[in-house]
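**Student:** whatever this is, show me its structure:
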Amino acid sequence: MDTDRYTDWIGRQESRADVASAWPVAAMTATLGRDDPPPRAGDPLPHGWHWLYFLDIAPAGELGEDGHPHRGGFLPPVALPRRMWAGGRIEFLAPLRIADAVRRVSTICKVETKSGKSGNLVFVTVEHQVFANDVLAVREEHDIVYRDAPKTGAPPPRPAPAEQAAATPAWQRELTPDPVLLFRFSALTFNGHRIHYDIDYCRDVEGYPGLIVHGPLQTLLLLDLCRRHSARQVRRLEYRAQSPVFHGHPLAVCGEPAADGASARVWTAAGSHVAMQGTATF
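**Tutor:** I've put the predicted structure just below:
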């Protein structure tokens, strides 16, 4: 890996402008199984739903084998083939409202190389600042991990058990992600990554036993759980992906509020294994 070249990307920026239109909000409402009234101009955008905007619309000829745009534009040209959503930190500072003129400024703030049991790893951290009518509304750090291709005959990754999955949480929602849910979420976020909809690619190229449930989908489910159970607004969410979740397996979306109600431990679990865990601060 040309790690010195990757660090040249630190500090690189890009800016995108958009309008927080109503249709994606209505479509995400349906996708997450909510029964909200039709969105109207001026309504606040649910937390995290800024991911419906500023989408990367690279032409088909500029896509790699995995369905993502070729690297080396804004993101560094990491040669490792597998890319995953590793986690992040989000602060909600001011409302984003439907019909607002919105702008996102993104900065590469860290590139780290590591070596683990599965091989080489490269972590890229991107900071996003989202403005609504020139007011900073969301500050976010997003961690991306790039990994080696699986070795021939290697078993699929084994999730690590965690104590949270064995307890009975105060907040819980259960669903079974199916290919339709994953397709709709990919379509809404214009995410061409084939691990979410192409089962042959998942099994034959990346070595996974099934379609992978999106990291951002799980994150939005955690924020949605807080919205369903707490009257207080989430001000900050820290979250980290622990294990992949595959389609067709029941997924529990769980939360355990602190005694003072100022925060909640949140996680997704497949059986006795935690897939994503985090802390929501209200």
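**Student:** which SS class is residue 222?
**Tutor:** Assigned by DSSP: H, G, I helix; E, B strand; the rest coil, the conformation of residue 222 is helix.
**Student:** what is the burial count for the spatially closest residue to it that is not a sequence neighbour?
**Tutor:** For residue 222, ignoring the flanking residues on the chain, the nearest one in space by CB to CB, 6 or more residues apart in numbering is residue 266 at 4.6 Å. All C-beta spots, glycine's among them, are computed from the backbone N, C-alpha and C. Summarising burial for residue 266: neighbours were counted as other CB atoms under 10 Å, giving 28.
**Student:** repeat that for residue 282.
**Tutor:** Taking other CB under 10 Å as the neighbour definition, residue 282 ends up with a count of 17.
**Student:** and it, how close does it get to residue 6?
**Tutor:** 37 Å (CB to CB, to the nearest Å).
**Student:** quick revisit: my guess is the residue nearest to residue 222 meets residue 254, correct?
**Tutor:** Yes. The pair residue 266 and residue 254 qualifies as a contact (CB atoms under 8 Å) at a distance of 6.8 Å.
**Student:** mutual contacts of the two, please.
**Tutor:** Overlap between the neighbourhoods of residue 266 and residue 254 consists of residue 225, taking contacts as CB atoms under 8 Å, 6 or more residues apart in numbering.
**Student:** the chain: helices as residue ranges?
**Tutor:** Assigned by DSSP state H, the helices in the chain fall at 3-7, 23-31, 179-188, 199-204, 215-229.
**Student:** would you tell me which one of those helices is buried the most?
**Tutor:** Ranked by average neighbour count under the criterion mean count of other CB atoms under 10 Å, the helices of the chain are headed by helix 215-229 at a mean of 20.
**Student:** so what does it touch, helix or strand wise?
**Tutor:** Taking 3 or more CB pairs under 8 Å, 6 or more residues apart in numbering; DSSP states H and E as the contact definition, the neighbouring helices and strands of helix 215-229 are strand 82-92, strand 171-175, helix 179-188, strand 236-241, strand 251-257, strand 263-270, strand 273-281.
**Student:** and residue 215, which of those is closest to it?
**Tutor:** Among the helices and strands packed on helix 215-229, the nearest to residue 215 by CB to CB is strand 82-92 (3.0 Å).
**Student:** mind checking which helix or strand of the protein has the lowest mean pLDDT?
**Tutor:** Of all the helices and strands that make up the chain, helix 3-7 has the lowest average by mean pLDDT, DSSP states H and E, namely a mean of 75.
**Student:** so residue 52 sits against residue 25, correct?
**Tutor:** Yes. Using CB under 8 Å, residue 52 and residue 25 qualify as a contacting pair, with a distance of 7.1 Å.
**Student:** name the residues contacting each of these two.
**Tutor:** In terms of CB under 8 Å, 6+ apart, residue 52 and residue 25 are not both contacted by any residue.
**Student:** contacting residues for the residue nearest to residue 222?
**Tutor:** The contact partners of residue 266, taken as CB under 8 Å, 6+ apart, are 222, 225-226, 237, 239, 253-256, 277-280.
**Student:** how about a cut-off of 6 Å?
**Tutor:** Counting by CB atoms under 6 Å, 6 or more residues apart in numbering, residue 266 makes contact with 222, 255, 278, 280.
**Student:** measure it to residue 229 for me?
**Tutor:** Noted for residue 266: a distance of 10 Å to residue 229, by CB to CB.
**Student:** got any residues that touch both of these two?
**Tutor:** Taking CB under 6 Å, 6+ apart as the contact rule, residue 266 and residue 229 touch no residue in common.
**Student:** now do residue 93: how many residues are near it, please.
**Tutor:** Neighbour count for residue 93, taken as other CB under 10 Å: 14.
**Student:** before we move on, what about residue 123?
**Tutor:** 16.
**Student:** spatially nearest residue to it, not counting backbone neighbours?
**Tutor:** Computed as CB to CB, 6+ apart, the closest residue to residue 123 that is not its neighbour in sequence is residue 112, at 4.6 Å.
**Student:** could you report the neighbour count for that neighbour?
**Tutor:** If you count neighbours by other CB under 10 Å, residue 112 ends up with 14.
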